[in-house]
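Engineer: turn this into a model:
(one chain, ligands or ions: 1)
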Amino acid sequence: MLVSIPGALGAPQLQALRERLAQAGDAWVDGRVSAGYQGAPVKFNQQIDERTEVAAECQRIVLGALERNPLFISAVLPNEVYPPMFNRYAEGMTFGAHVDGSVRIHPHTGRKLRTDVSATLFLSDPADYDGGELQVQDPFGTHSVKLAAGDMVVYPATSVHQVTPITRGERLACFFWVQSLVRDDGQRTLLFDLDTAIQRLNQTSADDSARRTLVGCYHNLMRQWSDT
Ligand code: NI
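Structural biologist: Reported below is the predicted structural model:
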């Protein structure tokens, strides 16, 4: 399931992030430092060194916005969020087709985190660059994603995906992974659909007892499918 989350970042947070990233200087390093054996040969971009203060400041801004976002929570069912990372593609840069690594070591706690969901938060205005589309493959085809600054997309980390070459301008983005309470994408999709329908019914005067039953189904499915 690929879900767009409009306005994941508000204008003030977006501005704050852009200012910090513009002044990050030599905290920008070759993106291959975090790539595995499959990703490294096709990854041509830059990213902020995870160990720097600017990374920590930017992570706080993004995580602060996400913990208040009901659509993100409903679609992803986060258990643990990998500290967000930040990348930059200048003209000619690209990230070829790959699948994200399945397990990452959390840089602060040292714990292993299973990557169930991949997330990209767009930080550049799409008018400011050409190319740089995130293309995600699923059984129904290839989905090209290029969203407004501040919008985010989440998709199963099992997907083959790529970032097409930048032919003009510069593309800034934030990316990260989430270990979900529900490992399986099909189960997460069912829970998301059910939750979305319940939220809509809650805006109506629909039968109270029927809505209560549906909410019960939601939680009882979560109890069966979640791991913590
Ligand atoms: Ni990737």
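Engineer: which neighbouring elements make contact with the lowest-mean-pLDDT helix or strand in the chain?
Structural biologist: Every helix and strand of the chain was ranked by mean pLDDT, DSSP states H and E. The lowest is strand 43-44, at a mean of 90. Helices and strands touching strand 43-44, by 3 or more CB pairs under 8 Å, 6 or more residues apart in numbering; DSSP states H and E, are strand 94-98. From N, CA and C alone the C-beta is placed, and that goes for glycine too.
Engineer: measure how far whichever helix or strand comes after the strand it packs on is from the centre of its chain, please.
Structural biologist: Counting by DSSP states H and E, the next helix or strand C-terminal to strand 94-98 is strand 103-105. Here strand 103-105 is found 16 Å from its chain centre; the criterion is CA atoms, centre = their mean, to the nearest Å.
Engineer: give the buried residues for strand 103-105.
Structural biologist: Buried positions in strand 103-105, judged by neighbour count with 16 or more other CB atoms under 10 Å: Arg104.
Engineer: now do the least confident helix or strand of the chain: distance to the chain's middle.
Structural biologist: Worked out by CA atoms, centre = their mean, strand 43-44 lies 19 Å from the chain centre.
Engineer: neighbouring contacts of that strand?
Structural biologist: 31-32, 35, 92-96, 98 (CB atoms under 8 Å, 6 or more residues apart in numbering).
Engineer: quick check, nearest of the residues you listed to Cys174?
Structural biologist: Cys174 lies nearest to Gly31 out of those, by CB to CB, at 13.4 Å.
Engineer: domains for the chain, by residue range?
Structural biologist: 3-180, 185-225 (automatic domain parsing).
Engineer: tell me the most buried of those domains?
Structural biologist: Ranked by mean neighbour count, the domains of the chain are led by domain 3-180 with a mean of 17 (mean count of other CB atoms under 10 Å).
Engineer: can you give me the end-to-end distance of stretch 92-108?
Structural biologist: One end of stretch 92-108 sits 33 Å from the other (CA to CA, to the nearest Å).
Engineer: that stretch - what's its average pLDDT?
Structural biologist: For stretch 92-108, mean pLDDT is 94.
Engineer: would you say Pro12 is within a strand?
Structural biologist: No. Assigned with DSSP: H, G, I helix; E, B strand; the rest coil, Pro12 falls outside any strand and is helix.
Engineer: distance check, it against Pro83.
Structural biologist: 21 Å (CB to CB, to the nearest Å).
Engineer: so in this structure, which strand runs the longest?
Structural biologist: Identified as the longest strand of the chain according to DSSP state E is strand 171-180.
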